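Student: Output the structure for:
(one chain, ligands or ions: 2)
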Amino acid sequence: MILASLISALRSARHVVVFTGAGVSAESGIPTFRDALTGLWERFDPGELATPEAFRRDPALVWGWYEWRRMRVLQPQPNPAHLAIADLARHVPQLTLITQNVDDLHERAGSEDVIHLHGSLHRPRCFACAREPAEPLPAADEPEGGRRLEPPRCSHCGGRLRPGVVWFGESLPVAALSAAFKAADECDLLLSVGTSGVVYPAAEVPHRARDAGATVVHINPQGEAPGSNREHLLALPAGKALPELLHEAFGG
Ligand code: BV8
Ligand code: ZN
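Tutor: Numbers count the residues shown, from 1 in each chain. Ligands and ions are numbered 1, 2, ... in the order given. The predicted structure follows:
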């Protein structure tokens, strides 16, 4: 898709969906899911560590990894891609932002009502009774190579706290997934930003938009050429492509 037709699609869109993966936070310096396994966790496969079984088997190893990752999203700032997405909401009649990411950079860039399909690093809950702690977790200075950390206990039932993310083998939050599918079915333009589209059912979202007749644009430097004629690839980093798109389409 040449930029001109994408720009006119943005200008005339009634309802735009933006669907993001870890690539939208890459330019903020946040390691993507696969790059987040260094130091103590180097020898693990993410799909093996991000599971309830791993947590049951070795809670300190898994909790330590998530605290290490939680600390790594506190310093980084939203990058121009996050800011452009927040700005886009001010230019189109309706925008639905759906993310697979567990960081809060969209919120910190000013986006509202972000649909988190895979939960959040900032919402730990009790593994036994699902209650969230009354107080937010303290910041800890995690060593570069990481460390094992015993999870804190739930003040209500004494169970272990777990990260508030969706692990492999766990179902996605029902309300979030149905809101995401509804937006995909109704939108006329979907921007898929920084995702390899391998994790289901989240990866269904762009397919549903395309099948419902929307134009789908993948923004990903390593994206592969899409299959159908309603899907397009902008093989650029999000932090470059999105601000340029907004500037061309809406000026400012
Ligand atoms: C479920 C939270 C069952 C945790 C995550 C076989 C076939 C199909 C499906 C399955 C299968 N076997 C198992 C399954 C199901 C499984 C699945 O899909 N597995 C995959 C691996 C095959 N799915 C599940 O288990 C889901 N649950 O199915 O439940 C069920 C059903 C009914 C009832 C009960 C149960 C749960 C999946 C959720 C897993 N949790 N995250 C955590 O963060 O620790 S997913 C995790 O990985 C991330 O959230 C992310 O979404 C995903 C991929 O991570 P990354 O690689 O980091 O990011 P991404 O893929 O987005 O890649 C980065 C991209 O950005 C790249 O393409 C890169 O080129 C690009 N990029 C880089 N820089 C830039 C850029 N783009 C733009 N600009 C840049 N600057
Ligand atoms: Zn509890």
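Student: and residue 190, helix, strand or coil?
Tutor: strand (DSSP: H, G, I helix; E, B strand; the rest coil).
Student: Find the nearest non-adjacent residue to it, please.
Tutor: residue 209 (3.9 Å; Cβ to Cβ, 6 or more residues apart in numbering). Yep, even glycine has a C-beta here, placed from its N, CA and C like the rest.
Student: Surely residue 191 and residue 21 touch.
Tutor: No: using Cβ atoms under 8 Å, residue 191 is not in contact with residue 21, being 11.8 Å away.
Student: Among these two, which residue is more densely surrounded?
Tutor: Ranked by neighbour count (other Cβ atoms under 10 Å), residue 191 and residue 21 place residue 191 first, with 30 against 25.
Student: Quick check: that one vs residue 229, distance?
Tutor: Residue 191 sits 17 Å away from residue 229, going by Cβ to Cβ, to the nearest Å.
Student: Could you do residue 19 as well?
Tutor: For residue 19, the distance to residue 229 equals 20 Å [Cβ to Cβ].
Student: same deal with residue 244?
Tutor: Taken as Cβ to Cβ, the span from residue 244 to residue 229 is 24 Å.
Student: Tell me which of the two has more neighbours.
Tutor: With neighbours defined as other Cβ under 10 Å, residue 244 and residue 229 compare such that residue 244 has more, 16 against 8.
Student: Residues of this structure that sit close to ligand 1?
Tutor: Within the chain, the positions near ligand 1 by Cβ under 6 Å from any ligand atom are 21-23, 26-27, 32-34, 47, 50, 100, 102, 118, 165-166, 168-171, 194-196, 198-200, 219-222, 237-239.
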